[in-house]
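1. what shape does this take:
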Amino acid sequence: MEAKEIEELKKELQDTKEQLYNEQAENEAGVAETMKEASLKNEAYGFIISQGLLDKFIAYRIKKDKEPLEAALIHLLSTAEAFGDWIADL
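-> Residues are numbered from 1 along each chain as shown. I've put the predicted structure just below:
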């Protein structure tokens with residue numbers, strides 16, 4: 001191999017290493033975000049159970065006809081994720 005080919009291969013190897021490093025960092029950030037979300041959900045479920053609200057929560061989840069205020073609140077909370085995790089900021 002010529003020196004030029006070796007240098008090109010070294011550069012390609014370095015680029016590949018950098019790409020893999022960046023992908024690994026992105027994956028780790030995604031895992032951390034997923035774990036944070038799971039922790040918040042578990043905390044919310046723990047609160048629901050500890051306050052004796054499980055029956056009410058289940059009834060609310062299976063209720064098909066929501067009052068307008070309930071429907072609006074559900075819509076706002078389901079779209080709030082796009083604007084950040086406001087529950088975690090409390």
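
2. contacts for the helix or strand of the chain with the lowest mean pLDDT next, please.
-> Considering only helices and strands, the least confidently modelled element of the chain by mean pLDDT, DSSP states H and E is helix 68-79, at a mean of 81. Here helix 68-79 makes contact (C-beta atoms under 8 Å, 6 or more residues apart in numbering) with residue 66. Where C-beta positions appear, they are placed from N, C-alpha and C, glycine not excepted.

3. return the distance of stretch 48-57 from the chain's centre.
-> Mean-position distance between stretch 48-57 and its chain equals 25 Å (C-alpha atoms, centre = their mean, to the nearest Å).

4. for stretch 33-51, same thing?
-> The answer for stretch 33-51 is 13 Å, by C-alpha atoms, centre = their mean.

5. averaged pLDDT, it. What do you get?
-> Stretch 33-51 shows a mean pLDDT of 91.

6. buried ones in that stretch?
-> Within stretch 33-51, not a single residue qualifies as buried, counting by 16 or more other C-beta atoms under 10 Å.

7. list the helices and strands the lengthiest helix in the chain packs on?
-> Ranked by residue count, the top helix of the chain under DSSP state H comes out as helix 3-50. For helix 3-50, there is no helix or strand it packs on, judged by 3 or more C-beta pairs under 8 Å, 6 or more residues apart in numbering; DSSP states H and E.

8. residue 75: how many residues sit nearby?
-> For residue 75, the tally of surrounding residues (other C-beta atoms under 10 Å) stands at 11.

9. against residue 47, how distant is it?
-> Taking C-beta to C-beta, to the nearest Å as the measure, residue 75 falls 23 Å from residue 47.
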